[in-house]
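A.B. asks: sequence first, then the predicted structure, then my questions.
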Amino acid sequence: MRITPLVGVFALTLACGYKPEFAIREKTEHFDFRVTSDPVRPIARTPIAYKVVIRDQDTGAPVQGADGLIFATHQQGAEAAGGLVRPPEAYDNLHEGKELGTYYATMNFILAGDWALAIRLRRDTTTDVYERIDWVQTVFVPETQTPGSARAKSDSTSTAPAVTPVTPGAAPAPSKAATP
């Protein structure tokens, strides 16, 4: 049996602990955002670490000293509010990391399902001008253990999270419950 070089490189990469990165990439008027989560597939009732890399859109330089917040609302909560503005159900401040232009936050989603997430950011605390990115992310059911059985996995086996970018001012996607 002959192993092709590509398969060998792939196996070596996995053996060295390489984890593929899935990033949400969004732009605002002044910033480029790259958002990753650990784990890649967020699980309900588990702390999710978010890494946000922010660069100036004009110069490409890392943005230092910014003031920001990541927050989320569950789809059921948003539908129950009937379009009214609700406070976020999960949130955390962005904490500046050691790497230039990198910020961290931890979220804990209590329910599985679709969550509307957003990051609100201003360059520093001397301005009241915030820029915002939005996306919808699926949070998966935690693994469950039943007596006398192996661990049951959630219904999806994909390693990439389900993410839907949201364009500001666009109509929201129809609810799954509303489709016949």
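C.D. replies: Arrived safely. Numbering: from 1, shown residues only.
A.B. asks: how much space between E29 and G68?
C.D. replies: 15 Å (Cβ to Cβ, to the nearest Å). The way it works is simple: take the backbone N, C-alpha and C, and place the C-beta from them, glycine included.
A.B. asks: who's more crowded, the two?
C.D. replies: When E29 is set against G68 and neighbours are counted by other Cβ atoms under 10 Å, the residue ahead is G68, at 24 against 7.
A.B. asks: in this structure the more buried one contacts N93, no?
C.D. replies: Yes. At 7.2 Å, G68 and N93 qualify as touching, with contact defined as Cβ atoms under 8 Å.
A.B. asks: got any residues that touch both of those two?
C.D. replies: The contact sets of G68 and N93 do not overlap (Cβ atoms under 8 Å, 6 or more residues apart in numbering).
A.B. asks: any stretches of this structure with poor pLDDT?
C.D. replies: Flagging of the chain using pLDDT under 70 yields the residue ranges 1-21, 77-87, 144-180.
A.B. asks: for it, what spans make up the strands?
C.D. replies: For the chain, the strands defined by DSSP state E cover 24-27, 31-38, 47-56, 67-74, 90-93, 95-96, 102-108, 113-122, 131-139, 163-166.
A.B. asks: direction included, what does the shortest one pair up with?
C.D. replies: Sheet pairing for strand 95-96, assigned by DSSP bridges, gives strand 102-108 (antiparallel).
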